[in-house]
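Trainee: what follows is a predicted protein model with its sequence.
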Amino acid sequence: MAAEISNAVQAVGTNFLVGLTMVLDLLPPGWADYSECILQPTSGNYKGRPFSGLHIHQSNSGILCDLCDLLTLGGRKMLRSRKFIVLAACALLVACGSEESSAPVAVPETQEVAATTTESVATAGPELGSFGVDLSYQDSSVRPGDDFFRFANGKWLDSYELPADRSSYGSFSVLGDRSDQRVRTIIDDLTSIEPAAGSMEQKISDYYLSYLDTETLNELGISPLLPGLAALKAISNREELIAGFGRAMIDNTATPFNFYVGADRSNPDQHQLVLSVGGLGLPDRDYYLLDTEEYENVRSEYVTHIARILDFANIANSTEKAEAILSLETQIAQHTWPRDQRRNRDLTYNPMSYTEFAEQYPGIDWDAYFAAAGIENLQDLNITYPSAMSPIIELVNTLPVENWKSYMTYRFIVDSASVLSEEIDQEAFYFSSTVLRGVPEQRQRWERGVMRVGSLNSLGEAVGQVYVERHFPESAKQQMDDLVENLRSALAESIAAIDWMGSATKEAAIKKLEAFRPKIAYPDEWKDLSSIEITRDNLFANAQNVREFNYEDEISRLGQPTNREEWGMTPQTVNAYYNSSFNEIVFPAGILQPPFFDPGADAAVNYGGIGAVIGHEMGHGFDDQGSKSDFAGVQRNWWSDEDRANFDVLTTALAAQYDQFEPVPGYFIDGNFTLGENIGDVGGLSLGYRAYQMSLNGQEAPVIDGYTGDQRFFLAWAQVWQRKYRDDALIQRLTSDPHSPSEFRVNGVVRNFAEWYEAFDVTPEDDMYLPPAERIRIW
């Protein structure tokens, strides 16, 4: 099939496709229990099945995807696996440019790895600047030690105007835009050939065309929802309400209880059902519980928005119902765990038998709930937020059934808005993007269509097969394999050298590192999507058919072994992730582009870009949460008490550093919530630097255009995180995304590196200066 599609799109050429990640709704606030990544989330509201052990949350925040300890947008609907655009550290950090060939990388003891050559193999110069960094973006009026992010990117930050359809824009966005254009070309080519009925070409083409057919959508208006609205209206008692909750994920509505099927953290070779509470319509509990002017305005706008959504269905007393919905969600928010607790794996792993569960949490007919969900004979499950369960059960039993019906009705309409008329879709966009993130305009229709068709939980793997056949050379895969091994050697050397970890824990850490499994570029097994029915004239049915396919696939996994060959994203995705349940690092093919990797760039630039990204993902296996799983992915304590206490001292100090950062006046980074990603950044840059130094084989790096090798390395890191935000988007991000904003992924990291101080002559008089005793280097 992939070959047929490839033949059909010969006119496309050999440009790289890259990632569209349509995103879905929000996963349960605890999705971050499973994996870590490097990016942020994207917009969208498609719900799909989860990937074993990897649960990523996608929000309506429209920022680039985060894959992992990533966001928890605390409230919204928990959806099982989301996918994300992931900043795939999938580029080959093969050192090129003006460097000499390197000898095999030095590693501790008897370890051996393949050498990554740094020969000047590129026949063309770098895409950016003379050595891989665009120096025209620099603001030379700023001392590097006062604000390194602005020193590297200041002129761009001052001159670049955010597009009206973006909440933020930066290096990742550039790659995403290229990707969208290339995927659009592929899909447009398919639409021109009238592919055979039932073929993947036909499914891709018709799904996309049905999304572009706004004339039909506008004629239909709310009518595709009428059967579902009638079913919700017919609910007359709590028994029927519980059955509605059980069907909520397949019916695309809301429920205070959600579940997904993922890898059992104590036995990652088996699937387990994970039950959680959630169902908030705003990004986080803070939006309901804090009385800042910003949040009070959002709540007022939310009531107005809910009423307008209900008006589309001619529902009486819409404002009164909207106020009741806000009150209901506020009461859920009062029992929602704080975001730092939601990412704590010790707190969110509470396995029990189904019999124990039913006895411990009475008040709900759980047999009826799961039967409505299509699940029978459930043997065991994990409860992520046990202390929240009983209070939410009490709400279900005490709040009027009519209020719950209004809540489900609103969510049914708004969560379906993207496949309805432009009028309904625009209202949903206005609140989720204009009010919450300050974005005035929607992305163009074709861009949203590309994301819908190309997401992992849609037809993205079919598109990915074409990408791999046409745009990913096998030689690049080998280069990436070599690079990953060099970063593995750097981490092994670091573990051997640190003085805060004892020998027994070091031995277990090395065992885990050796067991790391890298997955490069694309999966060896492709998902069979042939049973999904897609037609050209019914977008709503197409979306529902995709949803049902993913849902049925998900629940069919119960009682079955996990599949370690499965991927949590498409090959064309621009991101990367670490999956703790499988102890694997995954690098899709989509990021083989500057500024992350450029065969024509200097080695220091590639190590400061993709090298540090790979180090970031590897480091997640040893961060504050990933370190709780062993070499086999089993969640257990393999640390001595003393070593864990030493580690906690370091991470507590790092969290305290980030607590001081104030991206928007009055809104601070939560150092505990972002801790895992901050450890990943500090550790990743450290490992990238160590690997770069190892690649030099004891030789001095040349000076290029007046910049030393170390200066080029740190400038590359700053260039990767070039990004500009709207304030509203930043505020939402601070409550929902465990990644720090880009400025602090640069300044908050480099100020902990003695090498950066030396490279840029940073002194105690500079604003970013930290005394040596306060600098944190974990790996």
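Mentor: Thanks, I have the structure now.
Trainee: could I get the average pLDDT for whichever strand in the chain runs longest?
Mentor: Longest strand of the chain, by residue count under DSSP state E: strand 267-277. Averaging pLDDT along strand 267-277 yields 98.
Trainee: also stretch 531-551?
Mentor: For stretch 531-551, the per-residue pLDDT averages 98.
Trainee: tell me the gap between it and the middle of its chain.
Mentor: Centre-to-centre, stretch 531-551 and its host chain are 24 Å apart (CA atoms, centre = their mean, to the nearest Å).
Trainee: same thing with stretch 692-707?
Mentor: In terms of CA atoms, centre = their mean, the centre of stretch 692-707 is set 34 Å apart from its chain centre.
Trainee: repeat for stretch 686-706
Mentor: 31 Å.
Trainee: any idea how far apart the tips of that stretch sit?
Mentor: By CA to CA, to the nearest Å, the extent of stretch 686-706 from end to end equals 24 Å.
Trainee: can you give me the buried ones in that stretch?
Mentor: 686-697, 701-702, 704 (16 or more other CB atoms under 10 Å). The way it works is simple: take the backbone N, C-alpha and C, and place the C-beta from them, glycine included.
Trainee: so where's the stretch 101-250 of the chain uncertain?
Mentor: Within the stretch 101-250 of the chain, the ranges that satisfy pLDDT under 70 run 101-124.
Trainee: for it, just list every one of the strands.
Mentor: Using DSSP state E, counting those that start in this stretch, the strands of the stretch 101-250 of the chain run over residues 168-170.
Trainee: nearest residue to residue 468 in space, please, no chain neighbours.
Mentor: Leaving aside its chain neighbours, residue 468 sits nearest to residue 522 (4.5 Å; criterion: CB to CB, 6 or more residues apart in numbering).
Trainee: now the helices for the stretch 251-400 of the chain?
Mentor: For the stretch 251-400 of the chain, applying DSSP state H, counting those that start in this stretch gives helices covering 286-289, 293-312, 318-334, 339-342, 345-348, 354-360, 366-372, 386-398.
Trainee: on that earlier part again, what's near enough to touch the residue nearest to residue 468?
Mentor: Residues in contact with residue 522 (CB atoms under 8 Å, 6 or more residues apart in numbering) are 464, 467, 468, 472, 567, 571, 588, 589.
Trainee: what comes into contact with stretch 683-691?
Mentor: 93, 105, 486-487, 489-491, 493-494, 607-608, 611-619, 622-623, 713, 717, 749-750, 753, 755, 777-779.
Trainee: burial measure for the residue lying closest to residue 375 once chain neighbours are set aside, as a count.
Mentor: Among residues not flanking residue 375 along the chain, residue 555 sits closest, at 5.8 Å (CB to CB, 6+ apart). Burial of residue 555 is recorded as 20 neighbouring residues (other CB atoms under 10 Å).
Trainee: so residue 555 sits right up against residue 378, yeah?
Mentor: No. When contacts are counted by CB atoms under 8 Å, residue 555 is not listed as touching residue 378 (10.2 Å).
Trainee: what angle do the helix or strand harbouring residue 553 and strand 267-277 make?
Mentor: Assigned by DSSP states H and E, residue 553 falls within helix 539-555. With axes from the mean of the first three to the mean of the last three CA atoms, to 10 degrees as the basis, helix 539-555 and strand 267-277 are set at 130 degrees to each other.
Trainee: against which helices or strands is helix 539-555 packed?
Mentor: Where contact means 3 or more CB pairs under 8 Å, 6 or more residues apart in numbering; DSSP states H and E, helix 539-555 is packed against helix 200-212, helix 214-220, helix 238-251, strand 257-264.
Trainee: nearest to residue 428, of those?
Mentor: In terms of CB to CB, the element of the helices and strands packed on helix 539-555 nearest to residue 428 is helix 214-220, at 13.4 Å.
Trainee: what about dumping the CA coordinates of the closest one to PDB?
Mentor: Only the C-alpha atoms of helix 214-220 are listed here, as PDB (Å, rounded to 0.1, in the frame of the first residue of the first chain):
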ATOM      1  CA  THR A 214     -17.300  23.900   4.500                       C
ATOM      2  CA  GLU A 215     -20.300  24.400   2.300                       C
ATOM      3  CA  THR A 216     -21.800  21.000   3.300                       C
ATOM      4  CA  LEU A 217     -20.800  21.500   6.900                       C
ATOM      5  CA  ASN A 218     -22.500  24.900   7.100                       C
ATOM      6  CA  GLU A 219     -25.600  23.500   5.500                       C
ATOM      7  CA  LEU A 220     -25.700  20.700   8.100                       C
END
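Trainee: thinking again about what came up before, let's see which of the contacts of stretch 683-691 end up in helices.
Mentor: Counted as lying in helices by DSSP state H, out of those, are 486-487, 489-491, 493-494, 612-619, 713, 717, 749-750, 755.
Trainee: related to what we said a few turns ago, just the ones of the buried residues of stretch 686-706 in strands?
Mentor: Of the buried residues of stretch 686-706, none are assigned to strands by DSSP E.
Trainee: what's the closest of the residues you listed to residue 537?
Mentor: residue 688 (50.9 Å).
Trainee: what about the stretch 551-700 of the chain, any weak spots by pLDDT?
Mentor: 592.
Trainee: residue boundaries of the strands in it?
Mentor: Remark: strands assigned in the stretch 551-700 of the chain by DSSP E, counting those that start in this stretch are 577-579, 584-588.
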